[in-house]
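**Q** Generate coordinates for the sequence data below:
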Amino acid sequence: MKKRRMLCALCLLLGLMMLCSGCEKKESADDYLGRLITRAKENEGELQSVLETGIADAKSSNDFVIDFPDELKESYEAFLKEALNQVQFELNKADKESNDTYIIRVTYEPIDIAATTKETDAGYVKNISGTDFTTEVKNLLEEDTKLLSNATKQQKKSRTITVKKSGDSYKVSKKDITALLQDALQGYMAPYEAVGTVFDFRDFMQAYLDAYFKGDTERYCMHTGESAEEAAAWYEESFNSFRLDDLTDDQNTRFINAIKAIYKNCQYTLGAMRQVSLTEYQFDLTATPNTSIVNAASELDAGTYYSTAEVADAFLNIYDKYAAAPSYGTETTVTINWNSLNMASSNASADENFNRLVETIIPSE
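**A** Numbers count the residues shown, from 1 in each chain. Just a heads-up that it's a prediction; the model follows:
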């Protein structure tokens, strides 16, 4: 009898469990969309597509040659998560468009990250002290994150999202959810673009110096859009000013080849780059001055010659010597002011700051 009662009780319990499981509330389309948004707010990994789209847009709109560092992605996604948590989303009840398609209107008040961080970003790039791109962006993100709790907000807006039934669940186009989150975070790549603009120009200056002094034009072409042939022609033409009327064509060729060899042995390092204004930059340049040209001139002046032929022969021999074994002075660091517009101008070589830069690396007197 007792066993029969226990069996009945067990059957009753199982029946209640089955009944309750059948009464569980099924997730609605709007609940599903809300869960996706909440997941993005709680887990920065959900913002990967938002960041990847932002990286591509920033590279295209700014013509960046430098790439977004992989080491920076985790920190940037964390920044986006903090920003997204400042946005409140309101979801209307889903409108059923067809048996498996629902339309949901989402209302939200976007935050303007670019406007929020503008002053801080501008101040930061004026005082960059390091040369590691990833570190400098991370440092700025830390500063900008502190501003998000009082972020500038835009007018409330709404957009519709299509949710489709998929078996017992739903699905939303990745493109649609990414576009929604992007729209809620206006100007979210501003910190990266602020520092990226400075480091891209720093990369440009490095490429320019390597092309000018060493004839290494590959990265210079990436920045300027010039072909390898055009850059090579520019490099060759830059040495035409060394041609001397007193030398034959063959002697001038020998002399210019010696100058090229001396230039290729120049030693310089670009330090921290700072953006003073829209087109004005300031950077540190450390160089071990290549004193070959100065010493060659002094050595030539110290000799005694009885004919122009002897002068020419001594002249070429001296420069060949320094081409094979350049001489150097004491390492020095100078601060150079530079207008980025000069890089696109044929007058760059006439610029006072350009001449100071060259004279620091390879003095002529």
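**Q** Report the residue spans of this protein with pLDDT below the cut-off.
**A** 1-25, 343-350 (pLDDT under 70).
**Q** can you give me the strands for it?
**A** 89-91, 95-98, 101-108, 111-112, 157-166, 169-172, 185-186, 267-275, 280-288, 332-339 (DSSP state E).
**Q** Can I get those strands in a markdown table including distance to L72 and mean neighbour count?
**A** Every C-beta, even on glycine, is put in place using the N, C-alpha and C of the backbone. Converted to a markdown table, the strands of the chain look like this (distance: least, Cβ to Cβ, whole Å; neighbours: other Cβ atoms under 10 Å):
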| stretch | distance to L72 | mean neighbour count |
| --- | --- | --- |
| strand 89-91 | 27 | 16 |
| strand 95-98 | 41 | 12 |
| strand 101-108 | 27 | 18 |
| strand 111-112 | 21 | 20 |
| strand 157-166 | 29 | 15 |
| strand 169-172 | 28 | 16 |
| strand 185-186 | 17 | 22 |
| strand 267-275 | 18 | 18 |
| strand 280-288 | 22 | 17 |
| strand 332-339 | 26 | 15 |
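**Q** in the protein, which spans are helices?
**A** For the chain, the helices defined by DSSP state H cover 2-22, 29-42, 48-62, 73-84, 113-125, 133-145, 174-184, 190-214, 218-224, 228-237, 249-264, 292-301, 308-324, 352-361.
**Q** one step back: could the strands of the chain go into CSV alongside distance to A122?
**A** Converted to CSV, the strands of the chain look like this (distance: least, Cβ to Cβ, whole Å):
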stretch, distance to A122
strand 89-91, 31
strand 95-98, 45
strand 101-108, 28
strand 111-112, 15
strand 157-166, 28
strand 169-172, 38
strand 185-186, 18
strand 267-275, 8
strand 280-288, 13
strand 332-339, 18
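**Q** per-domain residue ranges of the chain.
**A** Using automatic domain parsing, the domain parsing of the chain gives 26-196, 239-361.
**Q** Can you give me the end-to-end span of the shortest one?
**A** What that stands for is domain 239-361. With Cα to Cα, to the nearest Å applied, domain 239-361 spans 16 Å between its terminal residues.
**Q** just how off-centre is it within its chain?
**A** 31 Å (Cα atoms, centre = their mean, to the nearest Å).
**Q** How about the contacts made by the residue nearest to K214 when sequence neighbours are not counted?
**A** If the residues on either side of it in the chain are set aside, K214 comes closest to K264, at 4.8 Å by Cβ to Cβ, 6 or more residues apart in numbering. Neighbouring residues of K264 by Cβ atoms under 8 Å, 6 or more residues apart in numbering: F213, K214, G215.
**Q** Of the domains of the chain, flag the one that's most buried.
**A** Highest mean neighbour count of the domains of the chain: domain 26-196, a mean of 17 (counted as mean count of other Cβ atoms under 10 Å).
**Q** End to end on it, go ahead and measure it.
**A** 47 Å.
**Q** mind listing what the spatially most central residue of the chain touches?
**A** What sits nearest the mean C-alpha location of the chain, by Cα atoms, centre = their mean, is G196, with 3.7 Å. Counting by Cβ under 8 Å, 6+ apart, G196 touches A58, N62, F64, I66, F133, V137.
**Q** would CSV of these with distance to R243 be doable?
**A** Converted to CSV, the contacts of G196 look like this (distance: Cβ to Cβ, whole Å):
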residue, distance to R243
A58, 45
N62, 40
F64, 38
I66, 37
F133, 41
V137, 46
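**Q** For F89, give its distance to Q155.
**A** The gap separating F89 from Q155 is 15 Å, by Cβ to Cβ, to the nearest Å.
**Q** what's next to stretch 33-47, contact-wise?
**A** Stretch 33-47 is contacted from outside by 27, 74, 77-78, 80-81, 84-85, 89, 91, 104, 106, 161, 163, 170, 172, 177, 180-181, using Cβ under 8 Å, 6+ apart.
**Q** Stretch 319-334 now?
**A** Here stretch 319-334 makes contact (Cβ under 8 Å, 6+ apart) with 254-255, 257-259, 261-262, 265, 267, 271, 284-293, 295-296, 356, 360, 363.
**Q** rerun that using 7 Å as the cut-off
**A** 255, 258, 261-262, 265, 284-292, 295-296, 360 (Cβ atoms under 7 Å, 6 or more residues apart in numbering).
**Q** Span of that stretch from start to end?
**A** 28 Å.
**Q** do stretch 358-365 as well
**A** End-to-end distance of stretch 358-365 (Cα to Cα): 12 Å.
**Q** what do you get for stretch 146-154?
**A** 19 Å.
**Q** Could you report the distance from F68 to L47?
**A** Computed with Cβ to Cβ, the distance linking F68 and L47 is 14 Å.
**Q** Likewise for A194?
**A** On the measure of Cβ to Cβ, A194 and L47 end up 20 Å apart.
**Q** Equivalent analysis for F239, please.
**A** Distance of F239 to L47, given as Cβ to Cβ: 52 Å.
**Q** do A258 as well
**A** Distance from A258 to L47, by Cβ to Cβ: 57 Å.
**Q** picking that back up, for A232, find the nearest of the strands of the chain.
**A** Of all the strands of the chain, it is strand 267-275 that lies closest to A232, at 21.6 Å by Cβ to Cβ.
**Q** In its sheet, which strands sit next to the closest one, and in what direction?
**A** Strand 267-275 has its sheet partners listed here by DSSP bridges as strand 280-288 (antiparallel).
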